[in-house]
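K.L.:
sharing a model that was predicted from the sequence below.
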Amino acid sequence: MLNYRFQWRAVFKHLPDLVDAAFLTLQITVLSVIIGLAIAVILAVWRRSENAWLFWLTATWVALARNTPALLQIYLFYFGLGAYGIHLSPYAAVLAAITFNNAGYLTEILRGGIDAVNPSQGRAALGLGMTPLQVYARVIFPQVFRAVFLPITNQIIWAMLGTSLGMIIGLQELTGMTTFLQSQTFRPFEFYLAAALIYLVMVETVLVCARLYARWAFRW
Amino acid sequence: MNNISTTFTANDLLLMLQGAGVTFLLTIVSGIGGTVLGFLIGWGRSLRAPWLYYPLGAYIEIMRAVPLIIQFVLMNSFMAILGYAINPFLSGIISLTLYIAAYVAEVVRAGIDAVPHPMVRAARGLGLGYIQAFRLVVVPLGLKTVLPAWTGLMLGLMKDTSLIAVLGASPPELLRSSQIIITRIQEPLAVLTGAGAFYFIMCWLITLAVRRYEQRPLLQSLGR
């Protein structure tokens, strides 16, 4: 029934290229999560602000990031910004879009975490003479990160898989590189299977690292 | 952008509406298939029989760790290798169904676990069979806890249907049809914003529909 000869030689020959591409995937993932998390912290705090403008800015960002496909967001950064004379490289477009998306989802995650912290703790810390910045940095956010660590891990995984969309606009991260190589060697099944395995290894590595980090960071 | 005039025609709008219809169809078909399959997988895992628990767990883990694009391409070429080259549209639906089923399975398992065990034992003690207790006690109670998470999955599924474009599936769904229009009229920002608005409205409609269902008195009286 299986009338197909698997040929893995081409895959082994190009394995270094795939690993290089996997590191590019990892790089975009790390950058988009760090920048996205930084933006999300600001947005989540602004979300509670009494300033109507800040509130609407964050509400709009979150709604747009969550209710449109990531691929559409990549297209908007890559093709759409051309209307303003801004021409991003595929790398910059993917990084910007995934960061935008991450920031939206992470804001929502952090908001849930902040809501879970008893508000009287914030008032007590203010009463002890802490500045609002200190209250957030020393009292609220340590508890928030502990509470929402698992959803954040899921978001990191999502970001890593999301970078595969870069293939569609010609970025040679892992999926893009795989597409390029299979088009040269005509072994699509073998190459995509290899890429799937590499993704699996990367995701499991991130999960294990996250678990170890959580055990160390949240031992209190 | 200084020029207000556009070459976007009524036919283009029709193409986009058609695309939105295809997106909706893809979401409904693979959403229903994925929910049924995911329900079976989640239920199977909740039985905690090792020969069922671990293989299904591996399935879930793999589906959630491999990008959907790669799953699309693998499914497509796998069917061809087996000698059943099916059209990309169909293989896209199969991939989406298998993909979302893994996520639904986790949600279902969480829902089953959320029903307190004494409740199930009480139901069994009242003389209900396993199936009866499951259908009359576990499902109604679990449903309420998992409905928001399930809605989120279906919204994600709708957005993920846009990736079917990598297979060159026809008829084109919303994002692909927008791209076809962009190639012709060269106004990416306007068309993409329009497509985004379409997605936004569809997400909003689904959220609204689920919220109305959630607020039905029957479910409310069952919970809490």
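P.N.:
Yep, that arrived. Computed from a prediction, not measured in an experiment: that's the story for all the values here.
K.L.:
helix or strand: which one has residue A:20?
P.N.:
Using DSSP states H and E, residue A:20 falls within helix A:15-46.
K.L.:
what comes up buried for that helix?
P.N.:
A:18, A:21-22, A:24-26, A:28-29, A:32-33, A:35-37, A:39-41, A:43-46 (16 or more other CB atoms under 10 Å in any protein chain shown). In short, each C-beta sits where N, CA and C put it, glycine included.
K.L.:
for residue B:173, grab phi and psi.
P.N.:
Backbone torsions of residue B:173, given as degrees, to the nearest 10, read phi -90, psi -170.
K.L.:
residue A:171 now?
P.N.:
Dihedral angles (degrees, to the nearest 10) for residue A:171: phi -90, psi 130.
K.L.:
and it, how many residues sit next to it?
P.N.:
If you count neighbours by other CB atoms under 10 Å in any protein chain shown, residue A:171 ends up with 26.
K.L.:
returning to what we had before: mind giving me the packing neighbours of the helix holding residue A:20?
P.N.:
helix A:52-67, helix A:90-116, helix A:149-162, helix A:174-185, helix A:188-217 (3 or more CB pairs under 8 Å, 6 or more residues apart in numbering or on different chains; DSSP states H and E).
K.L.:
pull the distance from that helix to the chain's centre.
P.N.:
6 Å (CA atoms, centre = their mean, to the nearest Å).
K.L.:
and the angle for it with helix A:174-185?
P.N.:
150 degrees (axes from the mean of the first three to the mean of the last three CA atoms, to 10 degrees).
K.L.:
state the mean pLDDT of helix A:15-46.
P.N.:
Across helix A:15-46, pLDDT averages out at 95.
K.L.:
got the angle between it and helix A:149-162?
P.N.:
130 degrees.
K.L.:
which positions in chain B make contact with chain A?
P.N.:
B:1, B:62, B:64-71, B:73-74, B:77-78, B:81-83, B:155, B:159-160, B:162-163, B:165-166, B:175, B:179, B:182, B:187-190, B:192-193, B:195-196, B:199-200, B:203-204 (CB under 8 Å from any CB of the partner chain).
K.L.:
which of those residues count as buried?
P.N.:
Listed as buried from the residues of chain B next to chain A are B:62, B:64-71, B:73-74, B:77-78, B:81, B:155, B:159-160, B:162-163, B:165-166, B:175, B:179, B:182, B:187-190, B:192-193, B:195-196, B:199, B:203; burial here means 16+ other CB under 10 Å.
K.L.:
what's residue A:70 sitting at in phi/psi?
P.N.:
Residue A:70 adopts backbone torsions of phi -60, psi -30, taken as degrees, to the nearest 10.
K.L.:
that one contacts residue B:159, doesn't it?
P.N.:
Yes: judged on CB atoms under 8 Å, residue A:70 makes contact with residue B:159 at a distance of 7.1 Å.
K.L.:
check what pLDDT residue 103 gets.
P.N.:
You didn't say which chain, so I picked chain A. Turning to residue A:103, the model gives it a pLDDT of 96.
K.L.:
let me rephrase: I mean chain B.
P.N.:
Note on residue B:103: pLDDT of 96.
K.L.:
export the helices and strands packed on helix A:15-46 as CSV, with columns for distance to chain B.
P.N.:
Rendered in CSV, the data for these read as follows (distance: least, CB to the nearest CB, whole Å):
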stretch, distance to chain B
helix A:52-67, 4
helix A:90-116, 10
helix A:149-162, 4
helix A:174-185, 6
helix A:188-217, 4
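K.L.:
helices and strands of chain B: which one has the lowest mean pLDDT?
P.N.:
Least confident helix or strand of chain B, by mean pLDDT, DSSP states H and E, is helix B:217-222 with a mean of 56.
K.L.:
quick one: low-confidence ranges for chain A?
P.N.:
Within chain A, the segments meeting pLDDT under 70 span A:1-2.
K.L.:
what residue is smack in the middle of it?
P.N.:
residue A:159 (3.1 Å; CA atoms, centre = their mean).
K.L.:
any idea how far residue B:55 is from that residue?
P.N.:
28 Å (CB to CB, to the nearest Å).
K.L.:
one step back: so which of the buried ones among the residues of chain B next to chain A are in helices?
P.N.:
The helices, defined by DSSP state H, take in B:62, B:64-65, B:68-71, B:73-74, B:77-78, B:81, B:155, B:159-160, B:175, B:179, B:182, B:188-190, B:192-193, B:195-196, B:199, B:203 from those.
K.L.:
hmm, back to that, residue A:34 is in contact with the residue nearest to the centre of chain A, correct?
P.N.:
No: when contacts are counted by CB under 8 Å, residue A:159 is not listed as touching residue A:34 (10.5 Å).
K.L.:
neighbours of residue B:46, just the number please.
P.N.:
With other CB under 10 Å as criterion, residue B:46 counts 19.
K.L.:
residue contacts, the residue lying closest to it once chain neighbours are set aside?
P.N.:
Counting by CB to CB, 6 or more residues apart in numbering or on different chains, residue B:112 is the residue found nearest to residue B:46 once chain neighbours are left out, at 4.4 Å. By CB atoms under 8 Å, 6 or more residues apart in numbering or on different chains, the residues touching residue B:112 are B:42-43, B:46, B:138, B:142.
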